[in-house]
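Peer 1: Pasted the sequence and its predicted model underneath.
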Amino acid sequence: MASGAATAIRSDLGSVAQDFLVAGLGATTSIITAVILAAVELRFDFSLYTWMFWFVIPAGAILCGFAAASGYYLGARLFNHRPTGILLLNMVAISVATFFLIHYLDYFFIEIDGKAVRELITFSQYLDIEMSYTAVQFNIRAHPIGEAVEIGSWGYLYAALQMLGFAVGRVAVYFHLKSLPYCDSCSKYLAKKGIQTRYTASSETLTNAVKDIIQCLSESRFQDAIAVHAKTAGSDTYQKELVLRSQIQIKRCKSCNQHWLKFTVSKRARDDWKDNIDELGCQSFCAEAINVESVVTQTTLPS
Ligand SMILES: [Zn+2]
């Protein structure tokens, strides 16, 4: 009992330490992003992070947020760390701090008539002036239209939107990492093993295949499910008229060789496979080792 509790505490400590490491890497890429943005703004008078799409979507800030969040992603993958709620809080706090850091760097280096702005006003006065005098330049297809328009106290709302934009990238990275299959016993992200794809135009073909595949999976006959999918779900080469796609993805834990299977069905809309038909898909850990390559040579379906 005592040793079990000690192990649990050790692993909790390990997890907290990893949280710190990952948070440190995330903070580092956030600071680098802030420095680059401030340097570009000071040198070229161009601030990417203020770029708005349809006046309300802080596209520039979202992009910068993704760049800043890259450290969290790399850190989590590198240390095989599954992010915790504490890390999410840390990410949001750092993203607010990044926003202020960019403005502080501007404040620190901007000069007016050869005199440093920081010698004339305080940082909070600078922020207040900057936000009260935010000017919006309307652009159509990257061409400026008319004069820039000052938006007065709406500038605060504008700044809040940008702050939100900074956070979006990080929150997206957090939920992406959370959604990745993970081996809890080895504390490792699973590695890709194989993928099997079939295309068909007939929803009837697909429905029948899905029924059989789900049947196999519910009986834990994973290799059979792969064989059924290979033989009955359609063609393995894509043609334009084949608008339904099904995929079996296999990942495995490199330490304990635990396998994981995910079955997804998607429909082609415009030029993209974006609509995952969730109610037809499923995912599961498998007891035995499975692979998609062996079914290619299989000529008969297992009974
Ligand atoms: Zn494992």
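Peer 2: Sure thing, it's come through.
Peer 1: Quick check: A59 touching M52?
Peer 2: Yes. Under the criterion of C-beta atoms under 8 Å, A59 makes contact with M52 at 6.7 Å. Any C-beta I mention is one placed from the backbone N, CA and C, and that applies to glycine too.
Peer 1: Which one of the two is surrounded by more residues?
Peer 2: More crowded of A59 and M52, by other C-beta atoms under 10 Å: M52, with 18 against 14.
Peer 1: if I look at the nearest residue in space to the more buried one that is not next to it in sequence, how far off is the ion?
Peer 2: Sequence neighbours aside, P58 is the residue nearest to M52 in space, at 5.9 Å (criterion: C-beta to C-beta, 6 or more residues apart in numbering). Using C-beta to the ion, to the nearest Å, P58 is found at 40 Å from the ion.
Peer 1: what ranges of this structure fall below the confidence cut-off?
Peer 2: Under the criterion pLDDT under 70, the flagged ranges of the chain are 1-13, 55, 134-153, 275-276, 278, 294-303.
Peer 1: Contact residues of it facing the ion?
Peer 2: 183, 186, 253, 255-256, 258 (C-beta under 5 Å from the ion).
Peer 1: thinking again about what came up before, and for the residue nearest to M52, the neighbour number?
Peer 2: For P58, using other C-beta under 10 Å, the count is 24.
Peer 1: Just read off the phi/psi values of it.
Peer 2: phi -80, psi 70 (degrees, to the nearest 10).
Peer 1: Ok, Q215 next?
Peer 2: phi -60, psi -50.
Peer 1: got it, and the one 3 residues further on?
Peer 2: Listed backbone geometry of S218 is phi -70, psi -20, with angles given as degrees, to the nearest 10.
Peer 1: among the residues of the chain next to the ion, which ones are buried?
Peer 2: 183, 253, 258 (16 or more other C-beta atoms under 10 Å).
Peer 1: okay but the last one is in contact with I250, surely?
Peer 2: Right, Q258. No. Contact criterion C-beta under 8 Å: Q258 and I250 do not qualify, at 11.5 Å.
Peer 1: coming back round to it: please tabulate the residues of the chain next to the ion in TSV, including the columns secondary structure.
Peer 2: TSV is the format used below for those (DSSP: H, G, I helix; E, B strand; the rest coil):
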residue	secondary structure
C183	strand
C186	coil
C253	coil
S255	coil
C256	coil
Q258	coil
